[in-house]
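1. test case, fold it:
(one chain, ligands or ions: 2)
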Amino acid sequence: MTAQLNPRGDVAVLVPAAGAGVRLGPGAPKALRLLAGEPLLVHAVRRIAAAPSVHTIVVAAPAADVESVRAMLTPVAPVTVVPGGAERQASVAAALAAVPAGPEIVLVHDAARALTPPDLVESVAAAVRDGHDAVIPVLPVVDTIKEVDAAEQVLGTVDRSALRAVQTPQGFRRSVLDAAHEAAGDPLTDDAGLVEKQGVPVVCVPGSELALKITRPFDLALAEHLLTHTP
Ligand SMILES: Nc1ccn([C@@H]2O[C@H](COP(=O)(O)OP(=O)(O)OP(=O)(O)O)[C@@H](O)[C@H]2O)c(=O)n1
Ligand SMILES: C[C@](O)(CO)[C@H](O)COP(=O)(O)O
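-> Ligands and ions are numbered 1, 2, ... in the order given. Okay, the predicted model is just below:
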């Protein structure tokens with residue numbers, strides 16, 4: 001049975017958490033590594049569960065850890081846990097298949113964005129509720145961007161004014177995300193990419209610096225610092 005958070009909510013949040021965390025270095029699967037003494041996944045789920053619109057949370061865990069993840073999350077929030085896949089896209093598809101009837105808005109989040117504030121969950125969901133079929137949180141690109149060839153020789157400078165760094169949660173009308181995953185081919189790095197392939201317009205809303213993706217050891221150290229130094 002699928003666990004329910006707020007029966008009056010209209011949002012299901014999928015949390016792919018089955019990645020290895022190769023770029024973080026050797027250790028447990030990334031979502032289970034500790035940040036200030038608690039797994040990244042616990043931080044992420046706690047913040048999602050604090051968003052009032054959330055009806056259902058479905059986590060895609062490493063296949064070998066489904067039971068321990070279920071036990072770990074029981075005191076945090078009512079959550080459904082399914083085994084993830086070999087690629088992020090497969091993990092999202094597995095979680096999507098477990099969403100019960102009810103929520104018509106589906107957000108896809110990363111366990112690795114463990115400090116994402118509940119307000120960002122709400123603002124992405126609100127934009128879908130306002131009529132947008134696909135919504136992504138973004139930040140401006142702050143560095144100068146160069147295009148290079150295979151020998152790392154610079155080919156040119158890219159106009160960064162039209163570039164955005166994309167975060168999660170990404171929000172979708174449920175039927176749109178279902179259709180995009182049904183039609184999916186080779187794995188893409190985000191769900192908006194699948195929806196774009198269907199010709200559905202994707203709109204941007206302001207992201208949050210706290211929604212950084214913990215990818216490399218520096219990010220983990222930064223997140224640890226932020227946790228202890230932000231209100
Ligand atoms: N097969 C996979 C791969 C990734 N993810 C999840 O997708 C999110 C974003 O992926 P990323 O941060 O790139 O995590 P990893 O794939 O674990 O990182 P790496 O590429 O360094 O191994 C993470 O929450 C990760 O757990 C997943 O559920 N299933
Ligand atoms: C979904 C995502 O977090 C949006 O920025 C990102 O695309 C995940 O990419 P990764 O290659 O799995 O880190």
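2. which SS state does residue 137 fall under?
-> Following DSSP: H, G, I helix; E, B strand; the rest coil, the label given to residue 137 is strand.
3. how many residues are close by it?
-> Look at residue 137: counted by other Cβ atoms under 10 Å, it has 25 neighbours. Every C-beta, even on glycine, is put in place using the N, C-alpha and C of the backbone.
4. right, and it touches residue 208 too?
-> Yes: between residue 137 and residue 208 a contact is recorded at 6.9 Å, counting by Cβ atoms under 8 Å.
5. can you pull the residues that touch both of these two?
-> Listed contacts common to residue 137 and residue 208 are 120, 167; contacts here mean Cβ atoms under 8 Å, 6 or more residues apart in numbering.
6. quick one: is the helix or strand that contains residue 125 near ligand 2?
-> In the assignment (DSSP states H and E), residue 125 maps to helix 118-129. No: for helix 118-129, no contact with ligand 2 is found by Cβ under 6 Å from any ligand atom; the gap never falls below 12.6 Å.
7. flag every buried residue along that helix.
-> Buried positions in helix 118-129, judged by neighbour count with 16 or more other Cβ atoms under 10 Å: 118, 120, 121, 122, 123, 124, 125, 126, 127, 128, 129.
8. which among these gets closest to residue 29?
-> Nearest to residue 29 among the buried residues of helix 118-129: residue 121, at 23.2 Å, using Cβ to Cβ.
9. how much space separates the spatially closest residue to that closest one that is not a sequence neighbour from ligand 2?
-> Nearest non-adjacent residue to residue 121, counting by Cβ to Cβ, 6 or more residues apart in numbering: residue 51, 3.8 Å away. In this view, residue 51 and ligand 2 are 18 Å apart by Cβ to the nearest ligand atom, to the nearest Å.
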